[in-house]
Every structure is written in C-alpha cells, then in structure tokens.
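Visitor: Have a look at this prediction, sequence included:
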Amino acid sequence: MNEAILNLNGKDFTLPTIEGTEGEKAIDISSLRNISGYITLDPGYQNTGSCLSAITFIDGEKGILRYRGYPIEEIAENATFTETSFLLIYGHLPNDEERKAFSLRLTEASMIHKDMLRFFKGFPATSHPMAILSTMVNALSVFYPSFYSEDFMSNTFDEMATVLISKIRTIAAYSYKHSTGEPFSYPKHDLRYCGNFLNMMFDSPVKPYIVEPEVEKALNILLVLHADHEQNCSTSTVRLVGSSMVNLYASICAGICALWGPLHGGANQHVIEMLENIQNKGLSIRQCIDRAKDKNNKFRLFGFGHRVYKNYDPRAKILKKQCNIIFEKFSIKEPLVDIALELEEAVSRDDYFTERKLFPNVDFYSGILYRAMGIPTNMYPVMFAIGRMPGWIAQWKEMHDTIPFKIGRPRQIYTGSTLRNYSETEKEKKSSY
Ligand code: ACO
C-alpha cells in the first residue's frame, strides 16, 4: 500500500492512502489530528471524500456516470425506474421474482393515510410544492413504521424504502392538485409507476387522462437519470442527518430541503424562469451571458456548471435527445427550446465558460422536457426529488451498514474573539456612555 508523507514543521507524518476500484485515489487523514494536532480545511468539501461507497461512480473529467457499474446510457435506455431503484438499494438487478415482488410492494403502498390528507388542507394553495413535500415526508414517520436506534438493523428498512418510493409520487401529485383546487385522483393499481403518477397529476372527473406511452417513457428516463449522483449536496445531507440515527423519513426530509435550493435541484425551475425572462423581457442571450460573467452580480447561468463534471453531463446529453423525440412526436413548437439551444451554443463559444469547463448539466434540459409534459414549473424540483428517492435510500442504507458507524461531525478553524471577560466588557460599556 502506498503511503503519503506530510511534513509539518520539519516532522514527518505518515498517512495511509486508499484506491477505489476505478483508480480514484485518496489520502486517509482520519488519524491526522491525533498524530499531528492538525485538521484539514476544505470549505464546500471540494476535495474531501466523506465515505467509501459502492453505489455510483462518476468520472467528471470524462463525463461518465454508472449505477452499480452499469453505464447510465444503458440503464436509461433499458431499465424501469423501479428496477433502477432496486439496483441502487440492493446492489443487483432484480430477477423476475424480485422485480414482481418489489413492484407489488410499491403498488400496494401507493395510498397515503386518510388522516394525512387533512394536512394538505392547511397549506395555502400558493405553497411551494417542495415545502409540502418535505413536510409530508417527515410526517410519514408518525403514520408508518419507522425505526430508531434501538432496533436499528430491523427488517423495517424494506418497508420504509417501499413507503417512501411509492408514496412520494402520491404526495407530489396531491400537492399539485391542492394548488389547482381540483379533487385528488387516487393511485390506480393497474398503472405502472410513471403512468400512475401522471394519472394522479392530470386525471380529472371532467377530463379523464390517457397515459401516452412516449410520455410515460420520457418520465421513466427522467426519473432514472436522477436516481443517484453520489455525494451531492442533498445526499450528503441525508447521510449527515441520518448519521445521528434519526429515522429514514426525517433524514430524507432534510435531503428534500437541501435539494430545493437553486444551486442544486431547484436549478431546473430557475432554468425555465431564466429562459422565460430572455423570451418575455427582451433580454438578449449576450446580456444574459454578460450578467453571469459579471463578478459583481450574483446571477449565474442556471443549468450550467457542475462540481464534478468538467465535461458534458451525460444525463444532459440523454435528455437533449429525449426532448427532440417528444417534441417531434407531439409536434410541439416551443420557443424556449430555440432560446436554450442558442444559449448553449453561445456558451460553448465563450472563453469564460470553456476555460472553467462549464457545460450544460442535467437541469438544463429536464425543465424543458417537464414543460412539454405539462408539469408546472414549481413542480420541477419535486420531480427531481421523486427521482432521487432511491439514491437517498441506498446511500442511507449503505452508511448504516458500514462498520464502524460514525456520526458525521466536521470540525472548524475558529476565527472569532479570543477569551474575554463579561464583567470587563460591561464595565467598558458603562464607562463609554
Ligand atoms: N454561471 C456563471 N459562472 C459560473 C457558473 C454558472 N452557472 N457555474 C460556475 N461558474 C463560475 C464561478 O463563478 C467560478 O468562477 P471563478 O473561478 O472566476 O470564481 C467558476 O465557474 C467555478 O465555479 P464554482 O462556483 O467554484 O463551482 P462549484 O463547483 O462550487 O459550483 C455549481 C457548482 C453550484 C453547480 C455552479 O456551477 C452553479 O452555480 N451552477 C448554476 C446552478 C445549477 O445549474 N445548479 C445545478 C447543478 S446540477 C445539480 O445539482 C443537479
């Protein structure tokens, strides 16, 4: 095994190194403070591995994404979202029997407790659906089995995973129906995961909804592409919160809140709002780009850039293709697509973006596709959350299966005042009156 030698003030400290199965290398600094008195400082965790994980592999330089070893392109083309969920959580593709049993469990768990329906009524119709979603997911912990530290490795995990993957789509659709004031549509046992969601969103007593296979397939691809993305902001949140041994629902509620932000899963909503601004406010592409480059302006080009990808996000590539399929099939003329393509083209020719390796990310095209499916803009982060659910669950499980188990607790470098005295300060205050 290679070792790293760190020289501090003339003294050598030897640290073990570690190499992952895809050749990723790390210096294991877990003993550093004990042996040297030093910690490492890495704001934003740009260079910090928080765990060992066998779930998702990303090579950001090459634009590679794999779930449990399978390329995302193959999974998106061939697997259903439920198969993908099983793969991420349990580590292998389900055989026929496992697939049927898992699907049946999801189908049977699709209703939400009738007492929970009362909660929806308490939210103003204008509520952001992510606020409703996070609240309701946390509330699942009091209606459905959840386990706490004393029965940590119990079989309840499978049940909780099913409850979450199945009920999140019901809660999401209900939050939309609540905002429109229409009656809720119940889940149907004869529809598949994605079709069932679309039906709950759009079926109404006056206009029954027919699930179009192309739309169902596009939604399946969208959810599969979002299913996991290793230690991103929301997943790290789920792990950190879960490391206190709080229940799975509460951990995932925290992940949903982290996902909501515009720099993470909320970016898809902001992409569309940005493109609409270009369209409606007469903002030119050049003005938009110049604003994003201006260091005195906090504005960023939403849907561009990524902490890990320094190449084209493979998910964006798949979604761009999927957009073309849906637009062609339904003869959709969407001016925002032209604006998006123009923006992407202008960005690809601009040194500021090429030097920083800022490419379109998954959120750049997902919003355009959701829009074509009739999903309202403020629901886009919710769609992301539905897709990310199996990844959060798989990562939470992996963390809890890891021995030794450690609560997540970073350190800091204190930069505040040194020791001072309360009465001395009071005296000084009085004398200055
Ligand atoms: N527009 C303009 N400039 C950008 C953008 C952008 N979208 N993204 C990064 N930059 C610039 C930064 O200003 C910085 O410039 P500097 O080196 O001159 O200071 C440089 O590129 C590096 O950016 P960082 O902020 O250091 O990169 P980081 O890895 O911390 O951030 C992030 C990644 C948050 C995704 C960022 O690229 C961003 O804000 N993008 C827009 C929001 C977005 O689309 N988020 C979705 C990401 S995908 C997902 O979460 C599902």
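Guide: Yes, it's here.

Visitor: only C-alpha atoms for contact and neighbour calcs from this point on.
Guide: Noted.

Visitor: neighbours around T135, how many?
Guide: The tally of other residues near T135 (other CA atoms under 10 Å) stands at 17.

Visitor: So for stretch 305-318, what gets flagged as buried?
Guide: By 16 or more other CA atoms under 10 Å, the buried positions in stretch 305-318 come out as G305, H306, Y309, K310, N311, Y312, D313, P314, R315, A316, I318.

Visitor: go on, stretch 53-70?
Guide: S53, A54, I55, T56, F57, I58, G60, I64, L65, R66, Y67, R68.

Visitor: and these as CSV, adding distance to I171, secondary structure and pLDDT?
Guide: Output for these, formatted as CSV (distance: CA to CA, whole Å; DSSP: H, G, I helix; E, B strand; the rest coil; pLDDT from 0 to 100):
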residue, distance to I171, secondary structure, pLDDT
S53, 30, coil, 98
A54, 30, coil, 98
I55, 27, coil, 98
T56, 27, strand, 98
F57, 30, strand, 98
I58, 31, strand, 97
G60, 34, coil, 95
I64, 33, strand, 97
L65, 29, strand, 98
R66, 29, strand, 98
Y67, 27, strand, 98
R68, 29, coil, 98
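
Visitor: from those, which is closest to R291?
Guide: G60 (26.5 Å; CA to CA).

Visitor: Quick check: closest non-adjacent residue to that closest one.
Guide: Leaving aside its sequence neighbours, G60 sits nearest to Y309 (CA to CA, 6 or more residues apart in numbering; 3.8 Å).

Visitor: ok, is stretch 268-283 in contact with the ligand or not?
Guide: No: Stretch 268-283 is not in contact with the ligand by CA under 6 Å from any ligand atom; minimum separation 7.3 Å.

Visitor: Identify the residues contacting that stretch?
Guide: Here stretch 268-283 makes contact (CA atoms under 8 Å, 6 or more residues apart in numbering) with 262, 284-285, 288, 301-303, 336, 339-340, 363-368, 377-381.

Visitor: Output those of those also counted as contacts of the ligand.
Guide: Answer for these near the ligand (CA under 6 Å from any ligand atom): L301, F302, G303.

Visitor: Export the residues you listed as TSV, with columns for secondary structure.
Guide: Shown next, in TSV, are these (DSSP: H, G, I helix; E, B strand; the rest coil):
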residue	secondary structure
L301	coil
F302	coil
G303	coil
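
Visitor: now G265: how far from the ligand?
Guide: 5 Å (CA to the nearest ligand atom, to the nearest Å).

Visitor: burial of that residue, as a residue count?
Guide: Count around G265 with other CA under 10 Å applied: 27.

Visitor: Angles on the backbone of it, please.
Guide: G265 adopts backbone torsions of phi -70, psi -10, taken as degrees, to the nearest 10.

Visitor: Please verify my assumption that it contacts G255.
Guide: No: between G265 and G255 there is no contact, the gap being 10.5 Å when judged by CA atoms under 8 Å.

Visitor: need the ones next to the ligand among the contacts of stretch 268-283 in TSV with neighbour count and pLDDT, can you?
Guide: Formatted as TSV, those follow (neighbours: other CA atoms under 10 Å; pLDDT from 0 to 100):
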residue	neighbour count	pLDDT
L301	22	94
F302	24	92
G303	30	93
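
Visitor: possible to save those as JSON lines with distance to Q46?
Guide: Formatted as JSON lines, these follow (distance: CA to CA, whole Å):
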{"residue": "L301", "distance to Q46": "21"}
{"residue": "F302", "distance to Q46": "20"}
{"residue": "G303", "distance to Q46": "20"}
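
Visitor: about what we covered before: from the buried residues of stretch 53-70, pick the one nearest P187.
Guide: Nearest to P187 among the buried residues of stretch 53-70 is Y67, at 28.9 Å by CA to CA.

Visitor: is it true that that closest one touches F86?
Guide: No: at 11.1 Å, Y67 does not count as touching F86 under the criterion of CA under 8 Å.

Visitor: Buried residues, the helix or strand where N220 lies. List them.
Guide: Assigned by DSSP states H and E, N220 belongs to helix 213-226. By 16+ other CA under 10 Å, the buried positions in helix 213-226 come out as V215, E216, K217, A218, L219, N220, I221, L222, L223, V224, L225, H226.

Visitor: With stretch 334-354 instead?
Guide: Buried residues in stretch 334-354, counted by 16+ other CA under 10 Å: L336, V337, I339, A340, L343, E344, V347, S348, F353.

Visitor: how about the residues of the stretch 201-350 of the chain that lie near the ligand?
Guide: Counting by CA under 6 Å from any ligand atom, the residues of the stretch 201-350 of the chain that sit close to the ligand are 263-265, 267, 292-293, 300-307.

Visitor: what's the most distant pair in these?
Guide: Longest span within those, CA to CA: G265 and K293, 22.0 Å.
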